[in-house]
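Colleague: generate coordinates for the sequence data below:
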Amino acid sequence: MDILSKIMYIPNAMGMNSTRGFHRETPIDLMKELTVCESLATDRSPYVKALKLGKAYGELLGDFLVERDLLTPSSVILEMGGGYGSLMNNLLTSHGPLIQKAFMMDLSAMLLKKQRERLLRFQDKVSFIQADIHELKGAKGRLELIIINEVIGDLDTATDLDPHDLPEDVSGLIEAYGLETPLEGSFNLNIGAISLIETICRLGVPAFISEHSSDPIIPGSMPYLAEGLALDSYPRDIRLYRHVEYTIRFSHLIKVASSFGRTITTGSLLDLLGIKDAPAWKFIFLSRACATEEQEIIYEFLDHVREYRWLVIS
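Modeller: Numbering: from 1, shown residues only. Here you go, the predicted structure:
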């Protein structure tokens, strides 16, 4: 049993945030959360129109994956935590000829039902699996790509850790991967996300990951988005309907993947979306002067998505 296997289930010795019960038992309404995927679920979305994107998120992601040779002819792909199926619906609609088979894996039976309904027209090439990401150990058969979009913030997080009095197993984990910790003050550690990166690296399958980051990257063309934003911090809680998620320290994930000899690329999700700065956006964002619904949409989306990073492990 490795370090992570031992610390995953310490009975709250340090505090452990888990959303498993929420996802297993609670009727989930993603419209109570501002997610990038659902905000950009169709090319008719008011967010797509206000930002002048022209494409839904799943299609934009498909373009990104093709450009990086991560989505190639006859690909077999797995999406973990697919929400309402919006991403996969748009990915199959726009890039379906490249995809031989798609698997949807989710802990929530309710969300799997919604995914089946959303992807009904692709039923010949999509299969559904109810499973806990935390328990993923291996994969049978061929698999070319794993997509984990806006999910890893839900995974188990060790909370209120004292950098000067760490549990032995946590200290061993930090030392094993050379993970940086704050000099003073308590901090949180993305235990579940680190464990998932370990598993992906052992599988040897390329993966695309996106999530709220505690160490975000601000596009050089939009430096004003750094206003009031911590750019080198540790995971913080995001309190949502009946559960708490945490931002991700991407530098930790990069160190774990690098220790397995994997190639890592990363960047701002704003760049992946192809969002180009508009002259009025700086004024809207810094002054919060929103005189129209479109301006409110632009401000809300920029304030939300500026924290997001993408990470590719190949």
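Colleague: my guess is residue 211 contacts residue 305, does it?
Modeller: No: Residue 211 is beyond contact range of residue 305, at 11.5 Å (criterion: C-beta atoms under 8 Å). In short, each C-beta sits where N, CA and C put it, glycine included.
Colleague: settle it for me: which of the two has more neighbours?
Modeller: Taking neighbours as other C-beta atoms under 10 Å, residue 211 and residue 305 compare with residue 211 leading, 28 against 22.
Colleague: pretty sure the more buried one sits in a strand.
Modeller: Yes: assessed by DSSP: H, G, I helix; E, B strand; the rest coil, residue 211 belongs to a strand.
Colleague: bridge partners for it, pull those for me.
Modeller: residue 309 (DSSP bridges).
Colleague: elements contacting the helix or strand harbouring residue 208?
Modeller: Residue 208 is part of strand 207-212 when elements are defined by DSSP states H and E. Under the contact definition 3 or more C-beta pairs under 8 Å, 6 or more residues apart in numbering; DSSP states H and E, strand 207-212 sits against strand 145-149, strand 308-313.
Colleague: make a markdown table out of those and add mean pLDDT and mean neighbour count.
Modeller: Listed next are these as a markdown table, based on pLDDT from 0 to 100; neighbours: other C-beta atoms under 10 Å:
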| stretch | mean pLDDT | mean neighbour count |
| --- | --- | --- |
| strand 145-149 | 97 | 24 |
| strand 308-313 | 98 | 22 |
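Colleague: need the contact list for residue 46.
Modeller: Counting by C-beta atoms under 8 Å, 6 or more residues apart in numbering, residue 46 makes contact with 293, 294, 297.
Colleague: out of the helices and strands packed on strand 207-212, which gets nearest to residue 224?
Modeller: Ranking the helices and strands packed on strand 207-212 by proximity to residue 224 (C-beta to C-beta) places strand 308-313 first, at 16.8 Å.
Colleague: which stretches of the stretch 1-150 of the chain have low pLDDT?
Modeller: Applying pLDDT under 70 to the stretch 1-150 of the chain picks out residues 1-14, 25-33, 138-140.
Colleague: in it, which spans are helices?
Modeller: Along the stretch 1-150 of the chain, counting by DSSP state H, counting those that start in this stretch, helices occupy 3-7, 20-25, 36-39, 46-50, 57-67, 86-95, 109-118.
Colleague: got a pLDDT number for residue 297?
Modeller: pLDDT for residue 297: 94.
Colleague: re earlier: the contacts of residue 46, buried ones only, as a ChimeraX selection?
Modeller: For the buried members of the contacts of residue 46, the matching ChimeraX selection, counting by 16 or more other C-beta atoms under 10 Å, is:
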select :297
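Colleague: want to try CSV for the contacts of residue 46, with secondary structure and distance to residue 57 as columns?
Modeller: Supplementary listing: those in CSV, determined by DSSP: H, G, I helix; E, B strand; the rest coil; distance: C-beta to C-beta, whole Å:
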residue, secondary structure, distance to residue 57
293, helix, 21
294, helix, 19
297, helix, 15
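Colleague: regarding this structure, what is its longest strand?
Modeller: As assigned by DSSP state E, the longest strand anywhere in the chain is strand 99-106.
Colleague: as PDB, could you dump the C-alpha coordinates of that strand?
Modeller: C-alpha atoms of strand 99-106 as PDB (Å, rounded to 0.1, in the frame of the first residue of the first chain):
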ATOM      1  CA  ILE A  99     -14.200   9.100 -31.800                       C
ATOM      2  CA  GLN A 100     -14.700   5.300 -32.000                       C
ATOM      3  CA  LYS A 101     -16.000   4.900 -28.400                       C
ATOM      4  CA  ALA A 102     -16.700   7.200 -25.400                       C
ATOM      5  CA  PHE A 103     -17.200   6.100 -21.800                       C
ATOM      6  CA  MET A 104     -19.000   8.300 -19.300                       C
ATOM      7  CA  MET A 105     -18.000   7.700 -15.700                       C
ATOM      8  CA  ASP A 106     -19.900   9.300 -12.800                       C
END
